[in-house]
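Trainee: below are the sequence and a predicted model; questions follow.
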Amino acid sequence: MIDDNGITLVAGATGNIGGRVLAELRRRGHRVRALTRSPERAVFPDGVEVAVGDLADPGSLRPALAGASAMFLLTYDAATGAPLRTGPELAGEIAAAGVRRVSTLWGGEPGPVERAIEAAGLAQTTLRAVEFMSNTLGWVESIRDEGVVREAFPALRSAMVHDADLAEVAVRTLTEDGHGGRDYVLTGPEVLTFADRIRQLGAVLGRDIRFVELTEKQARARMRGWGYSPAAVEHVIGWYADPPPEGYTVDPAVAQLLGRPARTFADWVAEHSGAFR
């Protein structure tokens, strides 16, 4: 059953994933409220309500949660990239507001937020996106200016998911019955290495792209230079150094939930090739 009533509160609404979830909800005609720490810097589609709040300060969410029936929730602090430690407080505020559905975007291992939401008895759907295809946008400057990709862990394999597929799945779990208590692993239809991604980008761009291997130390230093917190650096580097099997295994959940094949990396490249030129 589809629930067309109530407001869906979207955390991380200015980010790539949250923004896509918000836009897809609006496209389908649902009432949407965007959660942001900095409304003066945010631009949202027409018809989107804007609420100020911070997941790291759960008490600040009370006005944003008023009247909400569903919530798209992150498990990390958008300001630092570190896992949130406010799970029990978040769960308490969400439950007190009467929210019926929570879709939680998480990193593969249950943390304080997921455990607290479950303990509060909320109808939580966990969305395990192993890696976003949009992470490839981190290569834009080096490919455009130098024709180079610099990464550690060259043997890494990834069943990356298209961000739009993730957003569509999230919207279904937020607006339809039957997803509470489910844990969906969201992947693309293929397993890719860095070499695979570089080859596809190079073919579309019509240029050779070189791969330069970074040491783990260099990768850590680069992330710190980008402003990531120590906890976020450890989380990301740890995943790349030793990814779980889900990270390099194609899962049928996207195709089953959406009733069509998952989008490919080639689809993503066709949509974003202009950024690399």
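Mentor: Happy to help now that I have it. Residues are numbered from 1 along each chain as shown.

Trainee: could you check how far L9 is from A51?
Mentor: 7 Å (Cβ to Cβ, to the nearest Å). (Each C-beta comes from the backbone N, C-alpha and C, glycine too.)

Trainee: which one of the two has more residues nearby?
Mentor: Set L9 next to A51 and count neighbours by other Cβ atoms under 10 Å: L9 wins out with 29 against 21.

Trainee: which element is that one on?
Mentor: strand 7-10 (DSSP states H and E).

Trainee: helix or strand with the lowest mean pLDDT in the chain?
Mentor: Every helix and strand of the chain was ranked by mean pLDDT, DSSP states H and E. The lowest is helix 230-241, at a mean of 88.

Trainee: give the rounded mean pLDDT of the following helix or strand past that helix.
Mentor: Following helix 230-241 in sequence order, the next helix or strand is helix 253-258 (DSSP H and E). For helix 253-258, the mean pLDDT works out to 98.

Trainee: please apply the same query to stretch 71-83.
Mentor: For stretch 71-83, mean pLDDT is 82.

Trainee: again with stretch 209-224
Mentor: Averaging pLDDT along stretch 209-224 gives 96.

Trainee: stretch 135-145 too?
Mentor: 96.

Trainee: how long is it end to end?
Mentor: End-to-end span of stretch 135-145 (Cα to Cα, to the nearest Å): 18 Å.

Trainee: off-centre distance for it?
Mentor: 19 Å (Cα atoms, centre = their mean, to the nearest Å).

Trainee: next, the buried residues of that stretch.
Mentor: T136, W139, S142, I143 (16 or more other Cβ atoms under 10 Å).

Trainee: low-confidence stretches in the stretch 1-150 of the chain?
Mentor: 1-5, 107-110 (pLDDT under 70).

Trainee: what do you get if the cut-off is 80, keeping everything else the same?
Mentor: Counting by pLDDT under 80, the stretch 1-150 of the chain contains low-confidence ranges at 1-5, 77-83, 107-111.
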